[in-house]
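>>> for reference, the sequence and a predicted model appear below.
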Amino acid sequence: EAGVAQSPRYKIIEKRQSVAFWCNPISGHATLYWYQQILGQGPKLLIQFQNIGVVDDSQLPKDRFSAERLKGVDSTLKIQPAKLEDSAVYLCASSLGFGGGTQFFGPGTRLTVL
Amino acid sequence: DQQVKQNSPSLSVQEGRISILNCDYTNSMFDYFLWYKKYPAEGPTFLISISSIKDKNEDGRFTVFLNKSAKHLSLHIVPSQPGDSAVYFCAAAYYGGSQGNLIFGKGTKLSVKP
C-alpha cells in the first residue's frame, strides 16, 4: 500500500514570495491533515479536512495560508506571502475515518524562507 | 500553554538496555494517546497507542503505560537497539467528542549506543 506522498521535499524562497505544497493521501483515507513542525517543536495542526469539507482550521493563519481539497483526494497548502517565521517542515497526514484512528504521515516539505 | 509535555529533550541508552521515554499531559479530556517515531528527513511513523480505558499496551519490544491519575504515560523499549535511535513524539487526542486532532509534545531524541 502506497503511503502519503508529498512534494516538493525541499523549497527555498525569499520572504514575501508565495509557495504551494501538494499532498496525496493514502487511497481511501477520508481525513487529511496539514501540520507545521518548527525546528525543536512537535507538529502543530494547521487544518483538517473530512473529504472536501474543512473540519478544523482554527490554527491556520488565514491572512496568508490557504488550503483546499477540491475532489476529496489530494490537497494543496499555499502560503502567500511568506514570512521568515514560516520556515518549518510541513507535514501531511491522513487517516481512514473521522474523529479517530491512526494518522499516517508523509515525508514532509522543508521550507526555508530567506 | 503546552498540553502535552516531554520534559527530556534527549536520552542516551546502551544497546540491550531498557529505554524509558516519559510524557505528561494536562488535559483530562484526552482519551487516546499515541507514540510516533521520527527519523531525520522522514515523516513521523506510528509506533504504539493506548486508550484511556487501559493502563498498559504491549507490542513486541514496545510497551506503553498510562497513569491517568498522574496524567503521565511512558514508553518502554526492551531491549533497545541502535535502530531505535530517533526522535520520539508523544501525542494525545480527545476522540470522544471532537475531530480527534492530535496534540504533540516536543519530542525526545533517543540515542542507542552499540
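Nice, I can see it.

>>> which residues in the chain form strands?
No chain was given, so I picked chain A. A:5-7, A:10-13, A:19-24, A:31-37, A:44-50, A:53-56, A:65-68, A:75-79, A:88-95, A:104-105, A:109-113 (DSSP state E).

>>> wrong one, chain B
With DSSP E, the ranges of strands along chain B come out as B:4-5, B:10-14, B:19-25, B:32-38, B:45-51, B:56-59, B:62-67, B:72-77, B:86-93, B:103-104, B:108-113.

>>> ignoring the adjacent residues along the chain, who's closest to the residue positioned nearest the centre of chain A?
For chain A, the residue whose C-alpha lies nearest the mean C-alpha position (CA atoms, centre = their mean) is A:Trp34; its distance is 2.9 Å. Nearest non-adjacent residue to A:Trp34, counting by CB to CB, 6 or more residues apart in numbering or on different chains: A:Leu46, 4.5 Å away. C-beta coordinates here come from the backbone N, C-alpha and C atoms, glycine included.

>>> where does the one you found land on pLDDT?
The pLDDT attached to A:Leu46 in the predicted structure is 96.

>>> quick one: contacts for it?
By CB atoms under 8 Å, 6 or more residues apart in numbering or on different chains, A:Leu46 lies in contact with A:Trp34, A:Tyr35, A:Gln36, A:Asp57, A:Gln59, A:Leu60, A:Phe65, A:Ala67, A:Leu77.

>>> could you dump the strands of chain A to TSV with distance to B:Glu58?
Written out in TSV, the entries for the strands of chain A read as follows (distance: least, CB to CB, whole Å):
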stretch	distance to B:Glu58
strand A:5-7	32
strand A:10-13	38
strand A:19-24	33
strand A:31-37	28
strand A:44-50	29
strand A:53-56	32
strand A:65-68	38
strand A:75-79	35
strand A:88-95	23
strand A:104-105	22
strand A:109-113	35
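
>>> returning to what we had before: ok, now how distant is the residue nearest to A:Trp34 from chain B?
The spacing between A:Leu46 and chain B, counted by CB to the nearest CB, to the nearest Å, is 11 Å.

>>> A:Leu39 now?
Counting by CB to the nearest CB, the gap between A:Leu39 and chain B amounts to 11 Å.

>>> wait, that residue sits on A:Leu111?
No - counting by CB atoms under 8 Å, A:Leu111 is not a contact partner of A:Leu39; they are 11.5 Å apart.

>>> hey, what's the spatially closest residue to A:Cys92 that is not a sequence neighbour bridged with?
The shortest distance from A:Cys92 to any residue that is not its chain neighbour, by CB to CB, 6+ apart, is 3.4 Å, and that residue is A:Cys23. Legend: beta-bridge partners of A:Cys23 under DSSP bridges are A:Gln6, A:Ser75.

>>> can you count the residues close to A:Cys23?
26 (other CB atoms under 10 Å in any protein chain shown).

>>> wait, what's in contact with it?
Listed by CB under 8 Å, 6+ apart, the contact partners of A:Cys23 are A:Val4, A:Ala5, A:Gln6, A:Leu32, A:Trp34, A:Asp74, A:Ser75, A:Thr76, A:Leu77, A:Cys92, A:Gly106.
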